[in-house]
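next one to model:
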Amino acid sequence: MAEQPVKRRRPIKQRTDIAIPDRHVSMSNALARGAHALTLTEKRIVSMALALTDSVPAKELFDAQRAGWVVRITAQDYAESYEVDPRTAYEQLKESARGLLKRRWKTVHQGPRGLVFREGLWVSLVEYSEGEGYVSVRFTPEVSPHLLALRKEFTSYKLKQATALRSIYAWRLLECLQSWNGTGQWSPTIEEFQHAMDAPESCRKDFGRLRARIIEPAIKELRDKDSLLVEWQPIKAGRKVKALRFTFMRDPQGRLPL
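Numbers count the residues shown, from 1 in each chain. Presented below is the predicted three-dimensional model:
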């Protein structure tokens with residue numbers, strides 16, 4: 001018997017009146033500040049999938065939440081959105097979608113008796129067509145409530161604010177800052193920051209490496225490519241850095257409005 005293609009219970013109607021980079025990427029604040037464990041190209045797929053569901057009626061999104069939802073991304077749209085060579089867009093899209101099958105997200109919040117951690121898979125199934133140049137991904141029901149039909153405590157930004165980024169750390173810092181956009185300030189503990197950045201063990205053990213490899217390059221890329229002005233400072237307890245303080249604002253002369 002021939003294998004059946006990926007299906008969803010009800011097709012989600014995607015709007016076509018707004019270019020994909022001009023649509024919004026939204027997620028819960030908990031997930032925005034959580035660990036994503038994604039490579040840059042995997043992050044591109046997740047973010048583009050969210051942009052494709054921007055402004056979809058809430059009723060359809062609630063239905064998709066319960067079943068997990070499927071999004072189809074074409075190589076042409078991927079190439080145009082991220083300015084990738086069309087000849088390699090499909091291969092990049094396919095390999096990154098396959099990589100998503102192994103990735104896990106992780107959130108943490110304060111419970112009545114201590115920290116509560118929750119983690120799960122991003123997607124449960126991928127489908128790709130060599131002849132038609134598309135990839136479909138099915139997001140899990142567990143992550144869907146963090147991504148669909150959000151009404152409060154969520155982070156949102158236009159996809160084009162991140163399409164020029166070439167560092168996953170810059171992208172993750174953008175999302176964390178956006179989750180505090182109303183205040184213009186983010187003050188995570190050092191552990192919270194390392195968690196959100198998926199910092200490698202070498203950077204967790206050595207603040208100098210964390211600063212040189214993650215913090216300063218990410219801030220420079222956001223300033224150069226996203227017109228986001230970010231200042232930061234370490235907060236110390238004795239000689240040890242215990243927290244960080246970021247202050248940020250959109251450059252009034254920048255090219256990307258919020």
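
wait, is residue 180 part of a helix?
No - the assignment for residue 180 (DSSP: H, G, I helix; E, B strand; the rest coil) gives coil, which keeps it out of a helix.

tell me the contacts of it?
Neighbouring residues of residue 180 by C-beta atoms under 8 Å, 6 or more residues apart in numbering: residue 186. No exception for glycine: its C-beta is placed from N, CA and C like everyone else's.

could you measure from it over to residue 196?
As judged by C-beta to C-beta, to the nearest Å, residue 180 and residue 196 stand 12 Å apart.

quick one, strands of the stretch 51-200 of the chain?
According to DSSP state E, counting those that start in this stretch, the stretch 51-200 of the chain carries its strands in the segments 69-74, 104-111, 114-121, 123-129, 134-139, 154-158, 185-186.

distance to residue 208 for those - can I get that in a markdown table?
A markdown table is the format used below for the strands of the stretch 51-200 of the chain (distance: least, C-beta to C-beta, whole Å):
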| stretch | distance to residue 208 |
| --- | --- |
| strand 69-74 | 39 |
| strand 104-111 | 26 |
| strand 114-121 | 27 |
| strand 123-129 | 36 |
| strand 134-139 | 38 |
| strand 154-158 | 30 |
| strand 185-186 | 21 |
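
relative to residue 35, which of the ones you listed is closest?
Residue 35 lies closest, by C-beta to C-beta, to one member of the strands of the stretch 51-200 of the chain: strand 104-111, at 4.2 Å.

going by neighbour count, which residues of the longest helix along the chain are buried?
The single longest helix within the chain, with elements called by DSSP state H, is helix 86-100. Going by neighbour count (16 or more other C-beta atoms under 10 Å), the buried part of helix 86-100 is 89, 90, 92, 93, 94, 96, 97, 99, 100.

how near is the nearest residue to the third one once chain neighbours are set aside to residue 88?
Translated: residue 92. Counting by C-beta to C-beta, 6 or more residues apart in numbering, residue 41 is the residue found nearest to residue 92 once chain neighbours are left out, at 5.7 Å. Distance, residue 41 to residue 88, by C-beta to C-beta: 11 Å.

present the strands of the stretch 51-200 of the chain as JSON lines; the columns should include mean neighbour count and distance to residue 51.
JSON lines is the format used below for the strands of the stretch 51-200 of the chain (neighbours: other C-beta atoms under 10 Å; distance: least, C-beta to C-beta, whole Å):
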{"stretch": "strand 69-74", "mean neighbour count": "21", "distance to residue 51": "10"}
{"stretch": "strand 104-111", "mean neighbour count": "14", "distance to residue 51": "18"}
{"stretch": "strand 114-121", "mean neighbour count": "12", "distance to residue 51": "21"}
{"stretch": "strand 123-129", "mean neighbour count": "18", "distance to residue 51": "16"}
{"stretch": "strand 134-139", "mean neighbour count": "23", "distance to residue 51": "14"}
{"stretch": "strand 154-158", "mean neighbour count": "19", "distance to residue 51": "8"}
{"stretch": "strand 185-186", "mean neighbour count": "18", "distance to residue 51": "24"}
